[in-house]
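Peer 1: Predicted model follows, preceded by the sequence.
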Amino acid sequence: MTTAITALRGPVLDFHYKSESSTAAEKMILESDALIVLKNNTIIDIGPTKEIRKRIGKDVPVVEYSNCRIIRSVG
């Protein structure tokens, strides 16, 4: 089976749960230029484009979603 790695680029609203007492505003992070890296349709990495691009290299195809808002969901 081949491993398909792709990336989605665009603004991402992400949530980081620092502690139970964190407010909703403290948990939300808006990354205006983010990459979401997918391996066989499963997220394996997410973060600022500059950081993620260094890790994945130039060979990984990137699909641009710069005119959309991507909201990460867990569950």
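Peer 2: Nice, I can see it.
Peer 1: Check which helices and strands the helix or strand encompassing K50 sits against.
Peer 2: Using DSSP states H and E, K50 falls within helix 49-56. Judged by 3 or more CB pairs under 8 Å, 6 or more residues apart in numbering; DSSP states H and E, helix 49-56 is in contact with strand 5-15, strand 28-39, strand 42-48. The C-beta positions use only the backbone N, C-alpha and C, and glycine is treated the same way.
Peer 1: swap the cut-off to 10 Å and go again
Peer 2: Judged by 3 or more CB pairs under 10 Å, 6 or more residues apart in numbering; DSSP states H and E, helix 49-56 is in contact with strand 5-15, strand 28-39, strand 42-48, strand 62-64.
Peer 1: and the angle for it with strand 5-15?
Peer 2: Using axes from the mean of the first three to the mean of the last three CA atoms, to 10 degrees, the direction of helix 49-56 lies 140 degrees away from that of strand 5-15.
Peer 1: any low-confidence regions in the protein?
Peer 2: Filtered on pLDDT under 70, the chain yields the residue ranges 1-2, 17-22, 24-26, 71-75.
Peer 1: swap the cut-off to 50 and go again
Peer 2: Applying pLDDT under 50 to the chain picks out residues 75.
Peer 1: Test my guess that A7 contacts I52.
Peer 2: Yes: contact criterion CB atoms under 10 Å: A7 and I52 qualify, at 7.3 Å.
Peer 1: Can you pull the residues that touch both of those two?
Peer 2: 34-37, 45-46, 60, 62 (CB atoms under 10 Å, 6 or more residues apart in numbering).
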